[in-house]
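1. Need coordinates for the following:
(one chain, ligands or ions: 1)
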Amino acid sequence: MSKPAELSPEFPSLVQQATEARLKGYAPYSNFLVGAALLTIDGRTFTGCNVENASYGLSICAERAAICQAVAHGHREFRAIVVAASPLASPCGACRQFIVEFGRDISVIACDPEDVTQVKHWTSEQLLPARFSFE
Ligand code: THU
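-> Got it, this is the predicted structure:
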């Protein structure tokens, strides 16, 4: 995906898919819905939403749900992930570590589906420069 990420041709479709996934989120405790759309290197998209639990710490974020979907379908190389939340949310620390596991140059784009003027983007490396690694 060329920079800036939000000008890429895939961006509108990724926003749309992240927005639709967000509406499937299960967030009865926080009432904060999050959706993610993950673009693979070969142009496929996998989505995820947050799924909360009465045992709060078991809740899973939309980004990690999307990555698990992709990996379960045999995809491990990613170009971009769009995260939809209102107000806009940048990925939590756990999700940053999860994203950068699969590459340091993945475009991470946060958007607010209820306010299209609100968009931020980073690379996975920028979000977690000193990640834990066995390298
Ligand atoms: N959440 C995500 O899905 N992604 C993030 O990067 C930040 C937080 C979810 C987790 C929880 O269900 C809700 O947002 C409030 O923290």
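2. now stretch 11-22, how far from the centre of its chain.
-> Relative to the centre of its chain, stretch 11-22 is centred 10 Å away, using C-alpha atoms, centre = their mean, to the nearest Å.
3. Stretch 46-55 now?
-> 12 Å.
4. Ends of it, what's the gap?
-> Stretch 46-55 has an end-to-end distance of 27 Å (criterion: C-alpha to C-alpha, to the nearest Å).
5. pLDDT of it, averaged?
-> Per-residue pLDDT over stretch 46-55 has a mean of 98.
6. One more: stretch 80-100?
-> On average, stretch 80-100 scores 98.
7. CA atoms only: put it into CSV for me.
-> Coordinates of each C-alpha in stretch 80-100 appear next as CSV, following Å, rounded to 0.1, in the frame of the first residue of the first chain:
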residue,chain,number,x,y,z
ALA,A,80,-2.6,-3.0,5.9
ILE,A,81,-5.1,-3.1,8.7
VAL,A,82,-7.9,-0.6,9.1
VAL,A,83,-9.5,-0.2,12.5
ALA,A,84,-12.9,1.4,12.8
ALA,A,85,-14.2,2.9,16.0
SER,A,86,-16.0,6.0,17.1
PRO,A,87,-14.3,8.0,18.5
LEU,A,88,-11.2,6.8,16.5
ALA,A,89,-9.0,4.4,18.5
SER,A,90,-5.4,3.6,18.0
PRO,A,91,-4.5,-0.1,18.6
CYS,A,92,-3.9,-1.2,22.2
GLY,A,93,-0.4,-2.5,23.2
ALA,A,94,-1.3,-6.2,22.9
CYS,A,95,-2.6,-5.6,19.3
ARG,A,96,0.5,-3.6,18.4
GLN,A,97,2.6,-6.6,19.4
PHE,A,98,0.3,-8.9,17.5
ILE,A,99,0.4,-6.8,14.3
VAL,A,100,4.2,-6.3,14.3
